[in-house]
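# Sequence and predicted structure, then a few things I'm wondering about:
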Amino acid sequence: MATVHDLERTTPTARAAAKHEEKWLADVFARAFWNDPIFGWLHPNTRTRYAAMRRFFLVEIRVNRKTGRTVTTTDLAAVAAWSSPGHWKAGPIETIRMAPAGLLLASDPKAAMAMFAKMEKAHPTEPHWYLATVGSDPNRRGTGAGAVVINAVLDDCDRDGLAAYLESSKPENVPYYERFGFVARAAISAGGSPPLVPMWRDPR
């Protein structure tokens, strides 16, 4: 039986997230985005932010199971929620499912809605895979797990001739995504939010 130390020495590989891992992966997202400027703006209260983020990410992962791919690694060190072409925009059922978690997450729903509307307006209409959220456990960063869950779908994009799109919530992370071939577009902001940097990647 493999030990924790064995897992740490093993290069992570990508695989589809299992249903019974959803709560764990929501925790990975919540830990990864704890100090994120956008989530800090959405929910300034540090005492309740983690629980609100965890609930939001859990719903996102469950909705994404039907509209895209949730990719993790063999050691559960990273997770990426990808929406398949044509499914980046939540439909009526998905919106209803996510609304309670979204309201719990946003301390100022009106400002949050203004930001989400700006994001939707800036979203490309060309067919593409949308990297809605990607994060790695802060205790496991530097292992390459984040790159693994990103490349798992980018490889398919290149094979199928499809583009990819994401929004970087930290401007300092833009160079990281550029290494994968993403190109930054004009930053967006609304409702007093921190800047969000849209990034587009043509297939290679």
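Alright, I've got the coordinates.
# quick one: which helix or strand includes residue 71?
strand 68-73 (DSSP states H and E).
# gap between residue 162 and residue 103?
From residue 162 over to residue 103 the distance is 33 Å, taken as Cβ to Cβ, to the nearest Å. Quick note: C-beta positions are derived from backbone N, CA and C, even for glycine.
# Which residue of these two possesses the greater neighbour count?
Taking other Cβ atoms under 10 Å, residue 162 and residue 103 do not tie; residue 162 has more neighbours (19 against 13).
# can you give me phi and psi for the more buried one?
Note on residue 162: its backbone torsions stand at phi -110, psi 150 [degrees, to the nearest 10].
# Am I right that it is in contact with residue 129?
Yes. Residue 162 lies in contact with residue 129 (Cβ atoms under 8 Å); the separation is 6.1 Å.
# Mutual contacts of those two, please.
Common contacts of residue 162 and residue 129, defined by Cβ atoms under 8 Å, 6 or more residues apart in numbering, comprise 85, 156.
# All the helices of the chain, in order from the start?
Using DSSP state H, the helices of the chain run over 4-9, 22-32, 37-42, 49-67, 92-105, 109-122, 145-160, 174-178.
# distance between the longest one and the chain's centre?
Taking the mean C-alpha point of helix 49-67 and that of its whole chain, the gap between them comes to 10 Å (Cα atoms, centre = their mean, to the nearest Å).
# which residues touch it?
Here helix 49-67 makes contact (Cβ under 8 Å, 6+ apart) with 17, 19, 22-23, 25-27, 29-30, 33-34, 39-40, 43, 70, 79, 81-84, 87, 90, 94, 97-98, 101-102, 104-105, 132-133.
# any idea of the angle it forms with strand 68-73?
Relative orientation of helix 49-67 versus strand 68-73 (axes from the mean of the first three to the mean of the last three Cα atoms, to 10 degrees): 120 degrees.
# For helix 49-67, list the C-alpha coordinates in CSV.
Output in CSV follows, covering the C-alpha atoms of helix 49-67 (Å, rounded to 0.1, in the frame of the first residue of the first chain):
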residue,chain,number,x,y,z
ARG,A,49,-15.2,33.1,3.9
TYR,A,50,-13.8,29.6,3.9
ALA,A,51,-17.2,27.9,4.5
ALA,A,52,-18.8,30.1,1.8
MET,A,53,-16.1,29.4,-0.7
ARG,A,54,-16.2,25.6,0.0
ARG,A,55,-20.0,25.5,-0.6
PHE,A,56,-19.7,27.5,-3.8
PHE,A,57,-16.9,25.3,-5.2
LEU,A,58,-18.7,22.1,-4.2
VAL,A,59,-21.8,23.2,-6.2
GLU,A,60,-19.5,24.3,-9.1
ILE,A,61,-17.8,20.9,-9.2
ARG,A,62,-21.2,19.1,-9.1
VAL,A,63,-22.7,21.2,-11.9
ASN,A,64,-19.5,20.9,-13.9
ARG,A,65,-19.8,17.1,-13.8
LYS,A,66,-22.7,17.4,-16.3
THR,A,67,-21.4,20.4,-18.4
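# And it, what's buried?
For helix 49-67, burial by neighbour count (16 or more other Cβ atoms under 10 Å) applies to 49-50, 52-64, 67.
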